[in-house]
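K.L.:
Sequence below, structure please.
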Amino acid sequence: MATVKAIVDLDVVTNNDRKSDYYGKSYARIHQKEPINLRGLCLIAASGGTPFTEDVLLGCVKLLSRVAVDQLSIGQAVKIDGLGTLRPTIENAHGGADSPSDYNVNVHVEGVHVRFIPEGEKLDRITSRAMKEKCILRKTYEVTYKEVTVGGKPKKVPVYSPIVVPDDDPEP
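P.N.:
Now for the predicted structure:
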């Protein structure tokens, strides 16, 4: 059975930080689009031949989201098969406490974060190298930045120039 690979558009950006060892070097990043929300995912899933409607799928996913947040809030990691694991982590204050008995959670814990660890199992790998094998990467835009003034403050905004004839684009 043939595997269909999705095309992923890349922006090519030049490092303009004069203090960087990589000043003047170009690198790629994935062209950012608006994130798709749960309803959009459910609509796509419902149109893919499943007997479940968008609303049924959305109800299930919203319930699972609430349960996942509840579990994370009590320190329980949540594994979503085929996607990865959400794991609560602690941001400790810089320097830490002098000893375990001096550790005070109100002073030394600056925050609680949720870390995402991508799936690493053979069939569902979405780690960095595995994802590269699952898609076709294509240079799409060269990105430069233009400084503008917004509300009296300088701000850099991206300017996208299409890369008309990519020399190394694979055929879709």
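
K.L.:
I'd say G82 and E119 touch.
P.N.:
Yes: if you go by CB atoms under 8 Å, G82 and E119 touch, sitting 6.0 Å apart. From N, CA and C alone the C-beta is placed, and that goes for glycine too.

K.L.:
Compare these two (neighbour count), which wins?
P.N.:
E119 (18 against 11; other CB atoms under 10 Å).

K.L.:
which residues does the residue nearest to the more buried one when sequence neighbours are not counted contact?
P.N.:
Of all residues not flanking E119 in the chain, G84 sits nearest, at 4.7 Å (CB to CB, 6 or more residues apart in numbering). For G84, the contacting residues are F116, I117, P118, E119, I126, taking CB atoms under 8 Å, 6 or more residues apart in numbering as the criterion.

K.L.:
The chain: helices as residue ranges?
P.N.:
38-46, 54-73, 105-108, 128-133 (DSSP state H).

K.L.:
Just name the most buried of those.
P.N.:
Among these, ranked by average contacts under mean count of other CB atoms under 10 Å, first place goes to helix 38-46 (a mean of 15).

K.L.:
Can you give the contact residues for that one?
P.N.:
So helix 38-46 is contacted by I36, F52, T53, E54, D55, L57, L58, V61, K62, S65 (CB under 8 Å, 6+ apart).

K.L.:
Out of the helices of the chain, the one nearest T89 is which?
P.N.:
helix 54-73 (10.3 Å; CB to CB).

K.L.:
From the contact counts, what lies against that closest one?
P.N.:
Applying 3 or more CB pairs under 8 Å, 6 or more residues apart in numbering; DSSP states H and E, we find helix 54-73 packed against helix 38-46, strand 78-80, strand 84-92.

K.L.:
Mind exporting the C-alpha coordinates of the last one to PDB?
P.N.:
Okay, so that is strand 84-92. Extracted in PDB, the C-alpha atoms of strand 84-92 (Å, rounded to 0.1, in the frame of the first residue of the first chain):
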ATOM      1  CA  GLY A  84       2.200  11.600  23.100                       C
ATOM      2  CA  THR A  85       2.300  12.200  26.800                       C
ATOM      3  CA  LEU A  86       1.300  15.400  28.700                       C
ATOM      4  CA  ARG A  87       3.400  15.500  31.900                       C
ATOM      5  CA  PRO A  88       3.100  18.200  34.700                       C
ATOM      6  CA  THR A  89       6.400  19.700  35.700                       C
ATOM      7  CA  ILE A  90       7.600  22.200  38.300                       C
ATOM      8  CA  GLU A  91       9.500  25.500  37.600                       C
ATOM      9  CA  ASN A  92      11.700  26.000  40.600                       C
END
